[in-house]
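Novice: need a 3D model of the following:
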Amino acid sequence: MKKLVLVLLTAGAVVAVALIPPGAPVVAAGSGFGTAVSAVRQSSWQTNAPVNAIAIAGNTVFVGGRFTRVRPPGKPAGQGEAVRTYLAAFSRSTGAASSFAPKLNGTVWSIATSLDQKWIVVGGDFTTVNGQPRNRIAMFNAATGALSSFRPSVNSRVKAVAIYGNSVFIGGSFGGVGGSGRKLYETPRNRLAALTLNGGLVMPWNPNANDDVYAIDVADNGTKVYAGGPFTSVRGQRHNTLVALNNSTGIPFAMPAAAAIPQPTALCTTRVKDIDTYGSKVFVANGGDGRGCYDGVLAADIATGKLLWQSKCLGATEAVKAIGSWVYKGSHAHDCSADDPNYFTDGTGTHFLLAHSSGNGRLGPWFPNTDADPNSTTKVGPLAMAGTATDLWVGGDFLKVNGYGQQGVTRFTNAAPGAKAPAPAAPAAKSPVTGKVGLSFRTVVDPDNITLTYKLYQGSRLVGMWNRNTYKWQASQLVTYTDTGAKSGQTVSYRVEVLDGASVVKSATSAPVTVR
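Specialist: Residues are numbered from 1 along each chain as shown. Here you go, the predicted structure:
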């Protein structure tokens, strides 16, 4: 899959303990949002069909998938399009499409960046690039876009790619691989293989999975290679959908956390869809077939393989990306009550984008959303993620982001002030008792904060102030208060201000009320 070593976040960009209760209330970061990136959809070009893979090299974002055209933000399908056959590149800073336009003859499923960010390796179903033979794998210069002489051949789909040092690890549905300049598919390799980055030669690494591999990533220190998919054995040993492998021998390591993924039954199977390593942890995304099958995310310790936490939200998780203290996920989550009864249940809609605390798996304050194209082959929304300390890119089969037209790919950044809460309704005010005004107002939901501060004013006089937790999936709360500071006979009006740490939104003024 994708790989990019991330730097530490600035202190103001993230609140590591931002959790949905039970737990302490969450105060917005000084930037105005509670996780590493805000929920604001930043401008970027679009695609005309799903994006399956994303990777970042410097200021360039490479995207691959089923698309054949890209178009500017805000444009409907068919307008302002430029030809991009299954592979394109965008500017990280502006979201605009670059001139990179290789001609592939088939779908791209995976993209990985070399550690020095000089090269990208692309895997998929294609057999030619720019008219030259490239059997399901190809390499490009990340700076110039030039097709390299790297030319191994793979005899079936390459679904996953990861790079570490001079090793290119690939996974998919193939059974044979040939090195650059060698006979096609001469080396048996069942669904997992390794190639040299410098030369494209087949390496001895041969884990031999008995079914397809969907995801692959390498620990940041290079010691372990993680693979996931619907397989049940690796090197003849029982390994259900997830395995940690020696990077040179391909021999599996013990990984107790894999036992948290249920064994397949006649009614329920689950498999790993994505893997992202970050520091000392590895994060694993699962999707299941069958009602109530495991669809969630787990975190494991890289050194020991032990389970650190597990989320059991229902709705298959297609993509995960760790940034700082957060694990962002693309899924079609519709019920997370198994994690906590305060979380959303069926009937609250589909929550395609969410963030978990990397420390304990609790849901964090990040609630943008997409849809899923009902006419696509996948119909699941987000399918791929890539990011750095300052931005997160999401690709998939969606048509809208945060309710606005944006097909195939979108991005979120740490640009302040983040999303604003909507303006609350004007407070209700009445004076049934002498010298007192009864007041009430309803809370609002901020897309990238949980705890908001509410200030109630009569003119310039601060009447009261409250912190209230707000949740995307819950009804608003009613806040009530009695003002004893207004004088009898005085006609007064009130307003509410909502603060998220950076922005202030104001309600309309209440209808005037005469104090008894």
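Novice: show me where the chain dips below the pLDDT cut-off.
Specialist: Applying pLDDT under 70 to the chain flags the ranges 1-30.
Novice: what's the domain layout of it?
Specialist: Domain ranges of the chain: 11-413, 428-514, per automatic domain parsing.
Novice: give me the distance between the two termini of the last one.
Specialist: Same thing as domain 428-514. End-to-end distance of domain 428-514 (Cα to Cα, to the nearest Å): 13 Å.
Novice: show me how far it is from its chain's centre.
Specialist: Chain-centre distance of domain 428-514: 36 Å, with Cα atoms, centre = their mean, to the nearest Å.
Novice: can you show me the strands along the stretch 251-400 of the chain?
Specialist: With strands called from DSSP state E, counting those that start in this stretch, the stretch 251-400 of the chain shows them at 252-253, 269-278, 281-289, 297-301, 307-311, 317-323, 326-333, 351-357, 382-387, 391-396, 400-401.
Novice: same list, those, but as a markdown table with distance to Pro422 please.
Specialist: Quick note: C-beta positions are derived from backbone N, CA and C, even for glycine. Formatted as a markdown table, the strands of the stretch 251-400 of the chain follow (distance: least, Cβ to Cβ, whole Å):
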| stretch | distance to Pro422 |
| --- | --- |
| strand 252-253 | 49 |
| strand 269-278 | 33 |
| strand 281-289 | 31 |
| strand 297-301 | 30 |
| strand 307-311 | 28 |
| strand 317-323 | 26 |
| strand 326-333 | 23 |
| strand 351-357 | 18 |
| strand 382-387 | 24 |
| strand 391-396 | 23 |
| strand 400-401 | 18 |
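Novice: to Pro262, which of these lies closest?
Specialist: Closest approach to Pro262 among the strands of the stretch 251-400 of the chain (Cβ to Cβ): strand 269-278, 6.0 Å.
Novice: hmm, back to that, can I get the strands of the stretch 251-400 of the chain in CSV with distance to Val515 and mean neighbour count?
Specialist: Output for these, formatted as CSV (distance: least, Cβ to Cβ, whole Å; neighbours: other Cβ atoms under 10 Å):
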stretch, distance to Val515, mean neighbour count
strand 252-253, 73, 18
strand 269-278, 58, 24
strand 281-289, 57, 24
strand 297-301, 55, 23
strand 307-311, 52, 20
strand 317-323, 52, 27
strand 326-333, 48, 27
strand 351-357, 45, 26
strand 382-387, 53, 27
strand 391-396, 51, 28
strand 400-401, 48, 22
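Novice: pick the most buried one from the domains of the chain.
Specialist: domain 11-413 (a mean of 21; mean count of other Cβ atoms under 10 Å).
Novice: and the strands of the stretch 251-400 of the chain: which comes nearest Ser110?
Specialist: Nearest of those (Cβ to Cβ): strand 382-387, 8.9 Å.
Novice: what's the angle from the closest one to strand 391-396?
Specialist: Strand 382-387 runs at 160 degrees relative to strand 391-396, counting by axes from the mean of the first three to the mean of the last three Cα atoms, to 10 degrees.
Novice: hey, where'd the strands end up in the stretch 1-150 of the chain?
Specialist: Under DSSP E, counting those that start in this stretch, the stretch 1-150 of the chain gives strands at 46-47, 51-57, 60-65, 69-71, 82-83, 87-91, 108-113, 119-124, 128-129, 132-133, 137-141.
Novice: who does the second one touch, helix- and strand-wise?
Specialist: The criterion is 3 or more Cβ pairs under 8 Å, 6 or more residues apart in numbering; DSSP states H and E, and the helices and strands that strand 51-57 contacts are strand 60-65, strand 108-113, strand 119-124, strand 382-387, strand 391-396.
Novice: so what touches stretch 507-516?
Specialist: Contacts to stretch 507-516, defined as Cβ atoms under 8 Å, 6 or more residues apart in numbering, come from residues 423-437, 441, 486-497.
Novice: mind listing which of the residues you listed are in strands?
Specialist: Here DSSP state E is the test, and the contacts of stretch 507-516 give Ala428, Ala429, Lys430, Val437, Phe441, Thr491, Val492, Arg495, Val496, Glu497 as lying in strands.
Novice: got CSV for those residues, with distance to Leu87 too?
Specialist: Below are the ones in strands among the contacts of stretch 507-516 laid out as CSV (distance: Cβ to Cβ, whole Å):
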residue, distance to Leu87
Ala428, 57
Ala429, 60
Lys430, 63
Val437, 64
Phe441, 51
Thr491, 67
Val492, 63
Arg495, 53
Val496, 50
Glu497, 48
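Novice: which among those residues gets closest to Ile56?
Specialist: The nearest member of the ones in strands among the contacts of stretch 507-516 to Ile56, counting by Cβ to Cβ, is Glu497 at 38.8 Å.
Novice: and the residue nearest to the closest one when sequence neighbours are not counted, what is it in contact with?
Specialist: Spatial nearest neighbour of Glu497, chain neighbours left out: Lys455 (4.5 Å); criterion: Cβ to Cβ, 6 or more residues apart in numbering. The contact partners of Lys455, by Cβ under 8 Å, 6+ apart, come to Leu462, Gly464, Met465, Val496, Glu497, Val498, Leu499.
Novice: for the helix or strand hosting Lys455, C-alpha coordinates in CSV please.
Specialist: Under the criterion of DSSP states H and E, Lys455 resides in strand 451-458. The C-alpha coordinates for strand 451-458 follow below in CSV (Å, rounded to 0.1, in the frame of the first residue of the first chain):
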residue,chain,number,x,y,z
THR,A,451,-16.9,20.5,23.4
LEU,A,452,-18.2,23.9,22.6
THR,A,453,-18.5,27.0,24.8
TYR,A,454,-21.8,28.8,24.8
LYS,A,455,-22.1,32.4,26.0
LEU,A,456,-25.5,34.0,26.6
TYR,A,457,-25.6,37.8,26.4
GLN,A,458,-28.2,40.5,27.1
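Novice: what's the closest of the strands of the stretch 251-400 of the chain to Ala143?
Specialist: Going by Cβ to Cβ, the one of the strands of the stretch 251-400 of the chain nearest Ala143 is strand 382-387, 17.8 Å.
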